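**Student:** Fold the following for me, if possible:
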Amino acid sequence: MLDIGVNTWVWVAPLTDERLADLVPKVAAMGFDVIELPFQEPGSWDPARAAELLAAHGLGVTVCAGLRPHHDLLTDDPATRDRTGRFLRAAVDAAATVGSRVVAGPLYSPPGRLWLMDAAARRRAVARLGEALRPVADHAAARGVALALEPLNRFETSLLNTVEQTLEVVDAVGSPGCAIALDTFHMNIEERDPAAALRAAGDRLAHVQVCANDRGAPGADHLDWPALRRALEDVGYRGPLVIESFTAEGLETVMAVWRPLADSRDALAAQGLAFLRDLLAGGPRP
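**Tutor:** This is a model prediction of the structure:
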């Protein structure tokens, strides 16, 4: 049975050492196997301190990251590209320190950067991104970590929206340190058949984030969760399923969460965990 995790964005943003010290025992006591730590700025939390805390409470860990407005691998500005590469290496090093095998997220350009491309422009962008990510992916592979590139929906990026598009970049990078992360929220918007998209990702699939189609707790929605489970079984996925929702104070406007997604943050996590345990055990959908 797969491990089940939860992202700290359910409760807090940004993550700090103090908030993590409160959350790790809470998440462990709730029955989760894994906690996901967002890497937003180097130094906001201490990876060595986090590793000790996680070990003390028997929690596994994954790391996610996203580029900020001052990061971009596709810009013409070399200083921005260099700064972005340093940020990604720092995220990889943090992941290696805490014991995460992935850094998952849209690691190519900041969410909200949108531009129209014809087929030729897309080919150039994919080739350029492959060149920019290759040395970082090789660094990740040497540290036992994979950069797991996450396609986002059309309102957040115009570059990578689907598994098919993301596979083009993974192939262009050509490194064992580059793979795919998938999120059911974005797949529900962009993939005509989410289960088929999981199968298309195949052995390149390194990370899966889950939530309802409205970003609430998985299960209280219209997604065909048994079909998704079967697809994960078919590709031999062995990573965790991590609940990612954005209910922490301060994320509402950034992530367009305009109404409560559950009775409380704890309730969202607990309901999602219970549903996923039942799903993975082969039980009926509630």
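**Student:** Give me the distance between Asp17 and Val257.
**Tutor:** Distance of Asp17 to Val257, computed by Cβ to Cβ, to the nearest Å: 26 Å. Any C-beta I mention is one placed from the backbone N, CA and C, and that applies to glycine too.
**Student:** Compare the two (neighbour count), which wins?
**Tutor:** Val257 (17 against 12; other Cβ atoms under 10 Å).
**Student:** Is the more buried one located within a helix, as I assumed?
**Tutor:** No. Using DSSP: H, G, I helix; E, B strand; the rest coil, the secondary structure at Val257 is coil, not a helix.
**Student:** need the contact list for it.
**Tutor:** 215, 246-247, 251 (Cβ atoms under 8 Å, 6 or more residues apart in numbering).
**Student:** If we only consider the residues you listed, which is nearest to Gly31?
**Tutor:** Thr247 (19.0 Å; Cβ to Cβ).
**Student:** quick one: the strands in the protein?
**Tutor:** Along the chain, counting by DSSP state E, strands occupy 4-7, 34-39, 60-65, 102-105, 146-149, 178-183, 205-210, 241-243.
**Student:** Trp117: neighbouring residues, count only.
**Tutor:** For the record, residue 117 is Met, not Trp. 13.
**Student:** and the gap between Glu190 and Ser245?
**Tutor:** 19 Å.
**Student:** Between the two, which has more neighbouring residues?
**Tutor:** Ser245 (29 against 18).
**Student:** any idea how far the more buried one is from Trp11?
**Tutor:** Applying Cβ to Cβ, the value for Ser245 to Trp11 is 10 Å.
**Student:** what's the answer for Ala120, then?
**Tutor:** From Ala120 to Trp11 the distance is 45 Å (Cβ to Cβ).
**Student:** out of these two, which sits in the busier spot?
**Tutor:** Set Ala120 next to Trp11 and count neighbours by other Cβ under 10 Å: Trp11 wins out with 21 against 8.
**Student:** my guess is that one meets Ala248, correct?
**Tutor:** Yes. Trp11 lies in contact with Ala248 (Cβ atoms under 8 Å); the separation is 5.6 Å.
**Student:** number of nearby residues for Pro194?
**Tutor:** 21.
**Student:** That one contacts Met187, correct?
**Tutor:** Yes. Counting by Cβ under 8 Å, Pro194 touches Met187, with 4.3 Å between them.
**Student:** quick one, helices of the protein?
**Tutor:** 17-30, 47-57, 78-98, 119-142, 163-173, 184-190, 194-201, 225-235, 265-280 (DSSP state H).
**Student:** From the contact counts, what lies against the shortest one?
**Tutor:** Packed against helix 184-190, as judged by 3 or more Cβ pairs under 8 Å, 6 or more residues apart in numbering; DSSP states H and E, are the following elements: helix 194-201, strand 205-210.
**Student:** switch the cut-off to 7 Å
**Tutor:** Applying 3 or more Cβ pairs under 7 Å, 6 or more residues apart in numbering; DSSP states H and E, we find helix 184-190 packed against helix 194-201.
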